[in-house]
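Enquirer: Got a predicted model here, sequence first, then my questions.
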Number of protein chains: 2
Amino acid sequence: MEYSSKLIQEAVEEISKLPGIGKKTALRLALHLLKQPEQQSITLSEAIHKLRTEIRYCTQCMNISDEETCRICLSPRRDRSVLCVVEDTRDVMAIENTSQYLGLYHILGGVISPIDGVGPADLHIDQLLNRITESNGEIREVIFALSPTMEGDTTSFYLTKKLKDFDLKISTIARGIPIGGELEYTDEITLGRSIQGRTLYPQD
Amino acid sequence: MEYSSKLIQEAVEEISKLPGIGKKTALRLALHLLKQPEQQSITLSEAIHKLRTEIRYCTQCMNISDEETCRICLSPRRDRSVLCVVEDTRDVMAIENTSQYLGLYHILGGVISPIDGVGPADLHIDQLLNRITESNGEIREVIFALSPTMEGDTTSFYLTKKLKDFDLKISTIARGIPIGGELEYTDEITLGRSIQGRTLYPQD
């Protein structure tokens, strides 16, 4: 495509580097910005610049944070004996939304994925091991809440081996039929897992 | 949604103001940028800033341009007697790609759309009339290449009335069945138009 302006071309090229945005969408976004008040583009540009240059990570859980230690790690109401290991900050948000978890988190920053060139050294695994060591037994359970994919399972398996010398309860979130799902349309692997991982019916 | 950082929140809010991008996609894009080298975000941020603050429009055709007069308007090889009226720069790119048009363009910057609050005064209609007046009869044909929608048709109709006092051939691009389209699956309005607008079969 030939653009009538270098500025448009540069903006389209940079915007289309974002995942899921092609040249046509990028051009649509650039032309949209041109029709909006100048201030909107300036604010967007500054927000992106500040995001990348000023972002900080919690020294405890490695979550994105504005302070040295994040709000969750600082909270006196959280159960400091349980750590939930997740891939990124979106997973923290998703779990926080359930209001079912009151422990702390540890953000890996990804999962082991040789195809994408992500190995254990690229993740916050050393920080996890240090954190458990330094807790002097305060951390008693580690829950893996990673995606049920090849990469997630590989990462859980790797972490399990790394954690085997600690005196810890290690668990992983349940895999099974989603609430509201239809049994007959559930794939066989999920259904198989839901039978293997069946839970006892409460009896009184 | 509760974000763990104000920087993330601001970036998500600004990115999700773009059309077709919701909060979830904006968060995905922001987290993607955080994983990329810092330079990518800086270049993106600068490209957006420069795009909006340094952009210029060709004084002749109102197309986006780096110079006072755009490349097409300056070219000695273009036919200066024909003007093609389009909505925005994407339409110019689309028509240029066909290599079927050698005249000049005039970019309206939109179409009349009362629902979106766009009236004739928001478009480059005065510039079009001035341009035709100042050409002293050099411009002999005006082609409307607007989308075949209610808004496009309204705009064409409005322009036709504005142009009726000039000695001009006024035409609009053909509406009909797209090449490769199936007759039986064509909607009745398009098919009706394609019969009304039938062209004579070349005979020798």
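Expert: Received the coordinates, thanks.
Enquirer: what's the weakest-modelled helix or strand in chain A?
Expert: helix A:188-196 (a mean of 86; mean pLDDT, DSSP states H and E).
Enquirer: Okay, now the unreliable bits of chain A?
Expert: Scanning chain A with the threshold set as pLDDT under 70 gives A:1, A:204.
Enquirer: got the domain boundaries for chain A?
Expert: A:6-54, A:78-173 (automatic domain parsing).
Enquirer: Now render the ones you listed as JSON lines, adding mean neighbour count and distance to B:T172.
Expert: In short, each C-beta sits where N, CA and C put it, glycine included. Formatted as JSON lines, those follow (neighbours: other C-beta atoms under 10 Å in any protein chain shown; distance: least, C-beta to C-beta, whole Å):
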{"stretch": "domain A:6-54", "mean neighbour count": "18", "distance to B:T172": "23"}
{"stretch": "domain A:78-173", "mean neighbour count": "16", "distance to B:T172": "49"}
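Enquirer: Compare those and give me the one nearest chain B.
Expert: Nearest of these to chain B, taken as C-beta to the nearest C-beta: domain A:6-54 at 3.5 Å.
Enquirer: Whether the closest one contacts chain B - can you check?
Expert: Yes - judged by C-beta under 8 Å from any C-beta of the partner chain, domain A:6-54 and chain B are in contact via A:6-8, A:10-11, A:13-15, A:17-20, A:25, A:27-35, A:38, A:40-54.
Enquirer: which residue ends up closest to the midpoint of chain A in space?
Expert: Nearest to the geometric centre of chain A sits A:D88, at 1.8 Å (C-alpha atoms, centre = their mean).
Enquirer: residues touching that residue, list them.
Expert: Residues near A:D88 by C-beta atoms under 8 Å, 6 or more residues apart in numbering or on different chains: A:107-110, B:31.
Enquirer: The residues you listed: which two are farthest apart?
Expert: The most widely separated members of the contacts of A:D88, counting by C-beta to C-beta, are A:L108 and B:L31 (13.4 Å).
Enquirer: Select the longest helix from chain A.
Expert: Ranked by residue count, the top helix of chain A under DSSP state H comes out as helix A:38-54.
Enquirer: Could you point out the helix or strand that follows the helix or strand encompassing A:I72?
Expert: For A:I72, the enclosing helix or strand under DSSP states H and E is helix A:71-74. Note on helix A:71-74: by DSSP H and E, the next helix or strand toward the C-terminus is strand A:79-86.
Enquirer: Keeping just the C-alphas, turn that following strand into CSV.
Expert: Written as CSV, here are the backbone C-alpha positions of strand A:79-86 (Å, rounded to 0.1, in the frame of the first residue of the first chain):
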residue,chain,number,x,y,z
ASP,A,79,-3.5,-15.2,54.3
ARG,A,80,0.3,-15.3,54.1
SER,A,81,0.5,-19.1,54.2
VAL,A,82,-0.8,-19.7,50.7
LEU,A,83,0.8,-18.7,47.4
CYS,A,84,-1.1,-18.9,44.1
VAL,A,85,1.2,-19.1,41.1
VAL,A,86,-0.2,-17.5,38.0
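Enquirer: same for that strand, what does it pack against?
Expert: Strand A:79-86 makes packing contacts with helix A:89-98, strand A:103-107, helix A:125-134, strand A:141-144 when contacts are defined by 3 or more C-beta pairs under 8 Å, 6 or more residues apart in numbering or on different chains; DSSP states H and E.
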